[in-house]
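**Student:** Everything below, folded, please.
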Amino acid sequence: MRTLKTLAASAVLAIAGASGAAQAAEPNKLFVSLTSADEHTQFMSMVLANQTMRQGQEIRVLLCGPDATMATDDFDGPTLEPAGRNAQQLLMNLINNGAKVETCAIFLPNTDYTEADLLDGITPADPEEVGAYMADPSVRFFSN
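**Tutor:** Numbers count the residues shown, from 1 in each chain. The predicted structure is shown next:
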């Protein structure tokens, strides 16, 4: 009988340990993929990414399509309230706080921009690396 109680207690502890391990694997990274030309959507995406970073999440941003110009000096987004800043300024805040920001792999080869035109801290994406990152179970996705 004592052996049965010991086995039962061990099983409960093993399950509790597995439960703790499952909690540790909860998503703690946010992959933000931006493709919208809408200025409010761009801005709010950056607001949410900054708020998520403040909550302790690792942030990685992929700028594609019309949003890729946010990676250059040519971005001309409006200053929006209540922040009194534009989406690119919020993007730079993410970079300055450790976020990884990339342009999609097809942006530079299909525009007149070069890597030299990208703002400091922004690089072209490596699709294989991005795919591996996206496959990580600790990554959540936000896309617009």
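
**Student:** what residue ranges in this protein score low on pLDDT?
**Tutor:** Along the chain, the parts satisfying pLDDT under 70 run over 1-25.

**Student:** For the protein, which segments count as helices?
**Tutor:** 2-24, 39-54, 87-96, 127-135 (DSSP state H).

**Student:** Could you give me the buried positions within the shortest one?
**Tutor:** Spelled out, it's helix 127-135. Under the neighbour-count criterion of 16 or more other C-beta atoms under 10 Å, helix 127-135 has 130, 133 buried. Any C-beta I mention is one placed from the backbone N, CA and C, and that applies to glycine too.

**Student:** for that helix, packing partners?
**Tutor:** strand 29-34 (3 or more C-beta pairs under 8 Å, 6 or more residues apart in numbering; DSSP states H and E).

**Student:** Which strands and helices lie in contact with the strand it packs on?
**Tutor:** Where contact means 3+ C-beta pairs under 8 Å, 6+ apart, strand 29-34 is packed against helix 39-54, strand 58-63, helix 127-135, strand 139-143.

**Student:** for those, which one sits closest to D120?
**Tutor:** Among the helices and strands packed on strand 29-34, strand 58-63 comes nearest to D120, with 14.6 Å by C-beta to C-beta.

**Student:** Sheet-wise, list the partners of that closest one with their directions.
**Tutor:** The pairing partners recorded for strand 58-63 under DSSP bridges are strand 29-34 (parallel), strand 100-103 (parallel).

**Student:** Between those strands, which one is closest to A87.
**Tutor:** Among these, strand 29-34 comes nearest to A87, with 8.8 Å by C-beta to C-beta.

**Student:** ok, back up a step: could you look over the strands paired with strand 58-63 and pick the most buried one?
**Tutor:** Mean neighbour count (mean count of other C-beta atoms under 10 Å) peaks for strand 100-103 among the strands paired with strand 58-63, with a mean of 22.
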